[in-house]
Structure formats: C-alpha cells, structure tokens
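Visitor: Output the structure for:
(one chain, ligands or ions: 2)
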Amino acid sequence: MPSTTEQTIYLSDYKEFSHFIDGVELTFQLSPTKTRVKSKIHFRPNPKAPEQAFFLHGEHLKLISAHIDGVKISPTLTETGLTAEVPTGPFIFEAEVEISPETNTALEGLYMSNGMYCTQCEAEGFRKITYYPDRPDVMATFKVRVESALPVLLSNGNPGTSDEGIAEWHDPWPKPAYLFALVAGDLIAHSDSFTTKSGKDVALNIYVRPGDEDKCAFGMGALKRSMTWDEDVYGREYDLDIFNIVAVDDFNMGAMENKGLNIFNSSCVLASPETSTDANFERIEGIIAHEYFHNWTGNRITCRDWFQLCLKEGLTVFRDQQFTSDMRSHAVKRIDDVITLRGRQFREDNGPLAHPVRPESFVEINNFYTATVYDKGAEVIGMLKRLVGDEDYKRALDLYFERHDGDAATIEDWLKVFEDTTGRDLTQFSKWYSQAGTPRLSVAGEFSDGTYILHFKQATPPTPGQPVKDPRVIPIAVGLLNPNGDEVRETCILEMTEAEQSFRFTGLSTKPIPSILRAFSAPVILERQSSTKERAFLLAHDTDPFNKWEAGRALAKETLVAMLTADAPVNSDFLDALAAVLRDENLDPAFQALALALPSQDDIAQTLFDAGVTPDPMAIYTALETLSQSIAQHLQDLLPRIYAANHVDGPFSSEAAPAGKRALQGAVLGLISRLDGGDQARAQYAAADNMTQQLQALACLLRIDRGQTELASFETQWAQDRLVMDKWFGLQSGLAAPQKAAAITETLTKHAAFDWKNPNRFRAALGGLTGNTAGFHAADGAGYKLVTDWLIKLDAANPQTTARMSTAFDSWRRYDASRQGQMIEQLKRIQATPNLSRDTHEMVTRILG
Ligand code: ARG
Ligand code: ZN
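Guide: Ligands and ions are numbered 1, 2, ... in the order given. Alright, predicted model coming up:
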C-alpha cells in the first residue's frame, strides 16, 4: 500500500476556493537543511463559495508559527494541510515554516541540485514550500525576498531592490502557485536583450553553472526567434522587463514555464556542436519555444483545475509544432510528430493507461502529464483548425486571448470561442476531449461512370472505464491522383460525423488513386486495403509529403508483417521503391532519411497485436535485421554515392538543410556498416568534429556488435560532460543485442558515473533498456527483473520519475503467456513494496487493470 492515502479526485467535484488572495509576500532564508519560509497572504472571502472550511495545502512542512491578523493561532495540521478558524471578512494569514531542500530527492518543491537551490511546483509542489491554496484557479501577485550568501538569487517577475545577500522580486501578474519559482546559486548569465513590437526592452538571461557558459548561444537565439514568432503569428508580446532561463542538472521533466523564470533540464537548453546532436538542437529550440509560448497559453490564461491540463499543454504543443515547422520544414516536422504520436500516444491509447485528453479523475496528477494530454491534445487543436480554416482559427484565438486574459479557464471556454467565432456547434467535436481510444478508420473506394466514391467506417475500441464510444467528427484530408501522377482533385477536407459515411467525386475520366488522410489530418488508425503497386505509386508520386512518406511506411510494415506471419521473403517492390526514393535528387535529404528508416519494434508489435497475432519480440528484431540487411544489399551500389553527395563542408550549422544531409548520411552509414563490417563508420568516428556524426558512427558500430574501442575512447573524451555521458549510457543499453541487453545495462548501473538519483542518468541507462524492445522483453525475464529492481529503489527517492518509467510494462497484454506472467509478477512486486509512492502505486494498479 502507498504511504499517503489514495484519494481519487473527480472533475465533477470541482468547487471554487473559499477565498480570493489580494497579495502574497514570501521571504526565503535559504539553508540546505533548515530553510525558513515566511509567508504573508492577504485573504478575502469568495462570496460564491460560502460555508467552506478554510483549508491550506501543506506537505512535509515543519510549522514554526502561524498568525491571523497578527494574533498567534494553533491551526489543525494533517498530512495534507492545515485548517483554521478564520474571520468572516478579509484577513492576513502569516506562517513561518521550515523545510529541507538538500534532502528533497523527489525534485518537487524547493530542492538542491549541485549546490544550487531551485524549484519545481507544477503541478502540486508549492504545498511542499509553504501552506497555501495550491490550486491553479487561485491567482495572486507575489513579492518575494530571497536571503542567501549565494551570488545569484532569482524569482518571478521584475527585480526589486537587492543588496549583499538579499534580492527582492515583484511579479505584477496574478498567477497560481504552480508558476512560482526560485533559484539561488553560483551561476553565470549569458545575457542579451529583445525589443518587443511595441518598443519595450526586455533583458534576457540564460543562467548556467560555470563551465557551461559556452553552451548558451543557441538557446538564446531560439528564445529570440520564439519571441518574434509569437508576435508575428499570434500577436502575443512579452509582458515583463526580464526573462530568465536557468539550466538545472537534476530535473524530472523537460522544462517548466514559471512566470519570467523558466527552469530547464540542462539537457533541454545547453547546446554546442561538439556535444549536441542535430536532434538535440531541434528539440532544444522546440522546448525553449514551448516554455516561452506558455507565457500566454498557460500563464496569462491558465487552467481552472488540473483536469483542464490539455488547455495549456495541447495548445502550447500545437504552437511549438507550428513554430518548428516554420523554422525548419513543414513536411519533415509533420512526419516526425506523427512518428512520436504513434510511438507514445497510440501505445498509451490502446493499452491499460488509456485516458481522455481531458481526464475525469486522477489519484496523482503528475501521472497525467502524458502523451495523450500533450500530443493528442495538440492533434485535437490541429483538427479544429482544419475544420474551421486558418482565418477562423486566427479569429477564434484572438477572441480567446481577449476574453480570457487573466482567467483560469476550461475546455468549455476554449470551445466556446470557436463556436462564437464560427457559429459551429462543437458538441460532437468535444468528444475528442472526453472519450479515450484511437478511432479505427476504414475505407473502400468504388469507381463507375466517372464517379469515385469513398466509403468510410469508423469505430473506436473500448478503453478502461469507457466500454462504448460514439462516432467522432473526423476531418479527412483527401486528394486524388490520376495514373500518370497528376493531381486531379486537390486536397479537400471531408468532414465525417457518422459511424459510416460516403463521399463522392464526380466528373473523373479515369479511376483515380486516392491519397487519404493527407498530412495525417486526424489522429486515427487508417485501415486501407491497398496493393503494393498502389503504395509504391504513392511513394513515388503523392504530392502530399506526409502521405508520400506514409506509403513507404505502409510498405515497410506490410513487408515485415508478411515476413513474420507468412514466412514471406523480403518484398522486392519495397526495395525498388526505396531505391527510387534515394535516386530522386529533387527530394529533401531529411525526407529521404525518414523514408529509409524502418518502423520500430514496438510499432510492429502493436500492429501484430491489433491484427490478432501475438508478437514475438525476438522474431520482430530478427525480421528487422533481415530487412535492413536486404535493403543494404539492394542499395549497395547507390550508398557510397549518396554518402559522399551529402557531405557537409564548412563550419557546423544546426539549421535544417545541413542537419537533413547529416541525417541522410547517418541512415546510409547504417546500411553501409552492414556490408563493410564498420570500416566506414570507424572512419567517420575518427574524423567527426561534431556530436551528430560522432554518435551516428558509434551507433552504427554498436548495431553490428562492434565499436568497443570507440566506446572506450568516447568515455575518456567525455567523462567530464554529464550530458554527453548520458548518451554514452543510453546508447549501450538501447542498442545492445537482445540477449545481452539486461546484462550490459546491469554493468552500466555499476559504473562509477551511474548516479541513479539523477533522472537524466537513470533514464539514459534504464530507459535505454526499456526502449530496447527485444532486449527488455528477452524471454528469460532478466530485463523485466532488472528494471523492476531499479524502479523499486528509485521510488523511495523519486516517485515521479519512477511512476513515469513504470509505463514500460503497459504493453504486457500484447505478449505470450510466459512474458505476461513474468511482467505481472514484476508489477505485483512493485505494488507490494512497503511505502510505495502514491504515484507509482496508481500507475502499476492501472497497468495491471
Ligand atoms: N508545464 C511543463 C511543460 O510544459 C511540464 C511540467 C510538468 N511537471 C510535472 N511535475 N508534472 O511542459
Ligand atoms: Zn507545456
């Protein structure tokens, strides 16, 4: 049983807080184990919430004293907070509490990381700092005074007076407590400035530990690009005199949008060509944008309660995706996003953890920072935009900002601005928020007398707690091609609302080839019978880049499924189609690289399971190896030429074009390595002057079970760089051959640099193994056992990261009886752990179902 009593919170129980807050003053006297926090909170009764007892959240706090209007009180304390008798009118509540940041290994509330103090309050961490109504609909202005001998003392808002050992900060914008932040440390600022469209100067700083100052320039550029983009595209300007970012080594998530003081996992902000890959650069740019965009979608307009989390996260992910598309390539970004969506969200939506984009109950809200809330939440907004069109989307967003600035809003508020702008009724559309599960969309085409009819059917399988699903509104983007490859009907949006629906296209001279669900216009699984010939045709001719890629992906999947279920040989039409893609000099190298990549082991496992076949992880691994080997042999003559043609000269640039060439080179190198025993990869490794190429080469070698010399020299070269060493750990557990994966990971956990309390390092080593599908699912159960041992150990220190990583077991139902039995045994072992956290207990209980 978990240590804290499990209580389920329901959306339908929402009640306003008993009071409003007219201002908060906080003083922090920082000390590693005895930090004093003094608070002074101005409360005023909320006339709409009468008769409620006065309750403030508070956990793991040592109350020193409490006063109301200057009179000492003795409030009633429980494990979760404080209740007190309060005056009927406005009053001032004061408290002094003691907390211990140094021993806070959960990394929630105020904690220490490498000698610096920092905070993470979202979702419910502020209650570990002081007594407070820790809920997003209670908003207040904050004045903060920090007392410490450390040189840099930061909090939200604009700086006030500061003196030796003292800094004051004033945030004029009312905010919920989850956006509070404090940082104190021996930090160095990389500084710059930005002038907003209306002419306001904003000081910008990225604060890092000494030694990291040469890794800030890219992040600063990304921040300025984000600020400009949000002005240009959404008309949103920044609203304080200063914007600070701080890099922290120990952090549970990617980053946090605290008002004016964003705190980042150092892996999501620090960048240099020598230490960061192209993928790192793109991700860092996207996350900096994401957190910056939250200033409007999240901070100025926040969430009424945590059930509305997708209100800020879905929209902000959607905005950061738009931003990255604009900075780089729309086509490539869309393909990348769909790969991520299918890999994480579809898996979640089709397993025991499936939940609606807006959940209706939770035990631990941290368990709902999920791919469904974030990524499906973004897809839902993309659909809305497709349905109403770009113009109306813009008008609706303008209305949203105008109407709800300063509010703690709901999904109903969000949909209402679209209804008011367009006159549409979004009742059916809102099911995307309330019903879990991925719709299956099947389609058949029929042609006669110049008319082409598409017959669609939709159905969504049951998910936990939701046995029956209603039809959704599905925007289906369709274009028609004629057999010579010309587009005879441009993309249009078919709006499907029924369980079965047909759409007709008239006036056609020949039977067209349909391109369906262009740009992946809805987060559904499209089931479409099609010939290899037709898929190859679309891969060669589709004018929609997503569907062009998708045709190749479908071919790859069909090939693999046939190999696995019918002992079929590798489909040579697929190999020819790939050769054609590689030869096509008009294609973007980044696209060619994506077309060469095969579906993941996990993707194939889910596909087989959906088709009623029990996946064998080792057979999937072997089929992918066989297919890769065949591709390498088939493309043998082309590969050296493509490799050479995509060589990038000159100083490193992380921009999309050179990054795309390196991506293609890397994909080609992987194939070459299967033919030359790793000679070319060793040469690339030796010559590499950037992390992208160094890591690519090392990965290619590990994939063919070579590279021990390079692994050792990599370790020597990068021993002092935590972020690069994370890659070293992750690559080994992630790419180990299946039979050895658990043993290799276990050895890594005994390495002197395996600091298991650091989430990045833990995720690198153990997350590498759980991502190594055949290795994790090795028949002897060694992977399951090792991961479980470590999850149990980590849970006592860091529940959030443990709970998140326990999702590795959420696919147990797919597998054979022996694997199922072993996974259930390990889940039960976790569940039975004394003092297991509420976070992990909720997760394993849901996974077991
Ligand atoms: N709001 C942050 C972001 O956008 C995530 C913070 C999540 N933190 C947590 N403890 N669940 O992306
Ligand atoms: Zn976010």
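Visitor: Quick check: beta-bridge partners of the residue of the stretch 401-550 of the chain found nearest ligand 1?
Guide: Taking Cβ to the nearest ligand atom, ligand 1 has its nearest neighbour within the stretch 401-550 of the chain at residue 408, 15.1 Å off. In this view, the C-beta of every residue, glycine as well, is placed from N, C-alpha and C. Counting by DSSP bridges, residue 408 is bridged to residue 302.
Visitor: ok, it - contacts?
Guide: Contacts for residue 408 (Cβ atoms under 8 Å, 6 or more residues apart in numbering) come out as 136-137, 139, 176, 302-305.
Visitor: Tell me if I'm right that residue 495 and residue 386 touch.
Guide: No: contact criterion Cβ atoms under 8 Å: residue 495 and residue 386 do not qualify, at 9.4 Å.
Visitor: shared neighbours of these two, which are they?
Guide: Shared contacts of residue 495 and residue 386, defined by Cβ under 8 Å, 6+ apart, comprise residue 475.
Visitor: and residue 117, that one's in a strand?
Guide: Yes: under DSSP: H, G, I helix; E, B strand; the rest coil, residue 117 falls within a strand.
Visitor: tally of neighbours for it?
Guide: Neighbour count for residue 117, taken as other Cβ atoms under 10 Å: 25.
Visitor: With adjacent residues omitted, what lies nearest to it?
Guide: Excluding the flanking residues, the one nearest residue 117 by Cβ to Cβ, 6 or more residues apart in numbering is residue 184, at 4.2 Å.
Visitor: Please name the bridge partners of the one you found.
Guide: Where residue 184 sits in a bridge, its partners, by DSSP bridges, are residue 117, residue 153.
Visitor: any idea how far it lies from residue 110?
Guide: From residue 184 over to residue 110 the distance is 10 Å, taken as Cβ to Cβ, to the nearest Å.
Visitor: where do the contact lists of those two overlap?
Guide: residue 117.
Visitor: between residue 495 and residue 386, which one's more packed in?
Guide: residue 386 (18 against 13).
Visitor: so how far is residue 46 from the more buried one?
Guide: Separation of residue 386 from residue 46 (Cβ to Cβ): 40 Å.
Visitor: What parts of the stretch 201-350 of the chain come near ligand 1?
Guide: The stretch 201-350 of the chain has residues 252-253, 256-257 near ligand 1, with proximity defined as Cβ under 6 Å from any ligand atom.
Visitor: change it to 8 Å
Guide: 252-257, 287, 290-291, 294, 298, 312-313, 316 (Cβ under 8 Å from any ligand atom).
Visitor: Intersect the residues you listed with the contacts of ligand 2.
Guide: Applying Cβ under 5 Å from the ion, the subset of these adjacent to ligand 2 comprises 313, 316.
Visitor: Among the residues of the stretch 201-350 of the chain next to ligand 1, which are located in strands?
Guide: Residues of those located in strands (DSSP state E): 255-256.
Visitor: which one of the residues of the stretch 201-350 of the chain next to ligand 1 sits closest to residue 728?
Guide: The shortest gap between residue 728 and any of those belongs to residue 254, at 20.7 Å (Cβ to Cβ).
Visitor: Give me the residues contacting stretch 296-308.
Guide: By Cβ under 8 Å, 6+ apart, stretch 296-308 touches 11, 14, 123, 135-137, 139, 173, 175-176, 179, 230, 234, 236, 239, 257, 259, 309, 311-313, 315-316, 319, 358-360, 362, 365, 368, 400-401, 404-411.
Visitor: buried subset of those residues?
Guide: Among those, those classed as buried by neighbour count (16 or more other Cβ atoms under 10 Å) are 11, 123, 135-137, 139, 173, 175-176, 179, 230, 234, 236, 239, 257, 259, 309, 311-313, 315-316, 319, 358-359, 362, 365, 368, 400-401, 404, 407-411.
Visitor: Just the ones of those in helices?
Guide: Secondary structure from DSSP state H places 230, 234, 309, 311-313, 315-316, 319, 400-401, 404, 411 of the buried ones among the contacts of stretch 296-308 in helices.
Visitor: For residue 786, I want the exact helix or strand it lies within.
Guide: Using DSSP states H and E, residue 786 maps to helix 782-797.
Visitor: tell me the contacts of the closest residue to ligand 2 within the stretch 351-500 of the chain?
Guide: Using Cβ to the ion, the closest approach of the stretch 351-500 of the chain to ligand 2 is made by residue 374 at 7.1 Å. Applying Cβ under 8 Å, 6+ apart, we find residue 374 in contact with 310, 313-314, 317.
Visitor: Strands along the stretch 151-300 of the chain, start to end?
Guide: With strands called from DSSP state E, counting those that start in this stretch, the stretch 151-300 of the chain shows them at 152-155, 158-163, 166-175, 182-185, 188-195, 201-208, 242-248, 255-256, 261-265.
Visitor: now the ones you listed in CSV, with distance to residue 24 and mean pLDDT?
Guide: Listed next are the strands of the stretch 151-300 of the chain as CSV, based on distance: least, Cβ to Cβ, whole Å; pLDDT from 0 to 100:
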stretch, distance to residue 24, mean pLDDT
strand 152-155, 12, 98
strand 158-163, 14, 95
strand 166-175, 9, 98
strand 182-185, 13, 99
strand 188-195, 27, 98
strand 201-208, 24, 98
strand 242-248, 20, 99
strand 255-256, 19, 99
strand 261-265, 16, 99
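Visitor: The ones you listed into CSV, with extra columns for distance to residue 710?
Guide: Rendered in CSV, the data for those read as follows (distance: least, Cβ to Cβ, whole Å):
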stretch, distance to residue 710
strand 152-155, 39
strand 158-163, 48
strand 166-175, 47
strand 182-185, 36
strand 188-195, 32
strand 201-208, 29
strand 242-248, 29
strand 255-256, 32
strand 261-265, 27
